[in-house]
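Novice: here is my input; please provide its structure:
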Amino acid sequence: MSAPFEPGERALLVDRKGRRYLITLKAADSFHTHEGFLSHDAIIGQTEGVRVSTSGGSSLVAYRPSYPEFVVKMPRGAQVIYPKDVGLILIEADIAPGAVVLEAGTGSGALTIALTRAVGPGGRVISYELREDFAVRARGNVEAFLGKVPDHLDLRQGNVTGGIPERGIDRVVLDLPEPWTVVPVAIESLRPGGIWCSYVPSIVQVSQTVEALRPAGFAEITTRESLVRTWHVEGAAVRPDHRMVAHTGFITTARLLAV
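Specialist: Residues are numbered from 1 along each chain as shown. Below you'll find the model as predicted:
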């Protein structure tokens, strides 16, 4: 049985039209909509899936937000990587429990959260962000979703191209406009057989990245993109939805060869 909602938790409210609202629960506070207000106290102490009503009689259902629900609603500094791309990154970069991962381009922290959960307490994520305002926002988002910054997540502000002290890491995961500038750092820090994974929005960036990886000792270089389409299923009316999440970015992976 799920634990009841507590003050300070995030709650996702879903109305009868499927609109979603992410709130932070506070005793004696209220959530206001065009259909009246809802007291947070009506949710605190209740379990997930509870149905509550606004002062105007509008029905809402309260859940704890899942990872994709939180990511699309959380405060942003930088543009976040869509959950569909995060899933592909986790699989193609083989992010597994116990892995040591270097991330650069923390941004708003969406990918950082996923990496941290995937490696688990036995692993480690070292995440670099150049901009102070992005780093502050990312830390806040990590704390909001995970409750705190876990011990196995090392958030650093700085330029990763200047090099890192760690050696023998398992994965390099990049969300940067010029990932090819990190190739020298990756060669120094990755273990033989370690995986490079970079995410960029344009094919020109992909080309420059691949041309930097090839002569640097990387093999098995592959570029992918993910397209996701939902379906409308209601009785005999079964068809693809008219809208879909198509191109968002390219994911390039490679393996470092032994010298």
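Novice: I'd like the average pLDDT over stretch 150-157.
Specialist: Mean per-residue pLDDT for stretch 150-157: 98.
Novice: mind naming the longest strand for this structure?
Specialist: In the chain, with assignment by DSSP state E, the single longest strand is strand 190-200.
Novice: which helices and strands does it pack with?
Specialist: helix 83-92, strand 169-174, helix 203-213, strand 250-256 (3 or more CB pairs under 8 Å, 6 or more residues apart in numbering; DSSP states H and E). The way it works is simple: take the backbone N, C-alpha and C, and place the C-beta from them, glycine included.
Novice: closest one to Thr181 among the ones you listed?
Specialist: Of all those, helix 203-213 sits nearest to Thr181, with 8.4 Å by CB to CB.
Novice: show me the contact partners of the closest one.
Specialist: 177-180, 183, 196, 198, 200, 221, 223, 250, 252, 254 (CB atoms under 8 Å, 6 or more residues apart in numbering).
Novice: recalculate using a threshold of 6 Å.
Specialist: Contacts to helix 203-213, defined as CB atoms under 6 Å, 6 or more residues apart in numbering, come from residues 179-180, 183, 198, 221, 223, 250, 252, 254.
Novice: could you give the average pLDDT over stretch 246-256?
Specialist: So the average pLDDT for stretch 246-256 ends up being 96.
Novice: so how far is it off the chain centroid?
Specialist: 15 Å (CA atoms, centre = their mean, to the nearest Å).
Novice: tabulate the contacts of helix 203-213 (TSV), appending distance to Gly158 and neighbour count.
Specialist: What follows is the contacts of helix 203-213, written out as TSV (distance: CB to CB, whole Å; neighbours: other CB atoms under 10 Å):
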residue	distance to Gly158	neighbour count
Pro179	17	26
Trp180	19	19
Val183	18	21
Ser198	19	31
Ile221	28	14
Thr223	28	16
Phe250	26	20
Thr252	24	22
Ala254	24	26
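Novice: out of these, what pair is the most spread apart?
Specialist: Largest separation among the contacts of helix 203-213 by CB to CB: Val183 and Phe250, giving 16.7 Å.
Novice: avg pLDDT for the longest helix along the chain?
Specialist: Secondary structure of the chain read by DSSP state H shows that its longest helix is helix 132-146. On average, the pLDDT along helix 132-146 is 95.
Novice: try stretch 194-212
Specialist: 98.
Novice: got the buried residues for it?
Specialist: 194-200, 205-206, 208-210, 212 (16 or more other CB atoms under 10 Å).
Novice: figure out how far it is from the centre of its chain.
Specialist: Stretch 194-212 sits 19 Å away from the centroid of its parent chain (CA atoms, centre = their mean).
Novice: ok, now stretch 39-56?
Specialist: With CA atoms, centre = their mean, you get 28 Å for stretch 39-56.
Novice: which residues are in contact with that stretch?
Specialist: Against stretch 39-56 from outside (CB under 6 Å, 6+ apart): 2, 4-5, 7, 11, 25-26, 29-30, 35-38, 59-64.
Novice: repeat the analysis, applying 10 Å as the threshold.
Specialist: 1-9, 11-13, 15, 23-38, 58-64 (CB atoms under 10 Å, 6 or more residues apart in numbering).
Novice: I'd guessed Leu190 sits against Arg255; true?
Specialist: Yes. Under the criterion of CB atoms under 10 Å, Leu190 makes contact with Arg255 at 9.2 Å.
Novice: and the two? which has more neighbours close in?
Specialist: Leu190 (23 against 17; other CB atoms under 10 Å).
Novice: near the closest residue to the more buried one other than its chain neighbours, how many other residues are there?
Specialist: What sits nearest to Leu190 in space, not counting adjacent residues and going by CB to CB, 6 or more residues apart in numbering, is Leu256, at 4.7 Å. By other CB under 10 Å, 22 other residues sit near Leu256.
Novice: so who does Leu256 touch?
Specialist: Applying CB under 10 Å, 6+ apart, the residues near Leu256 are 172, 186-187, 189-196, 213, 216-220.
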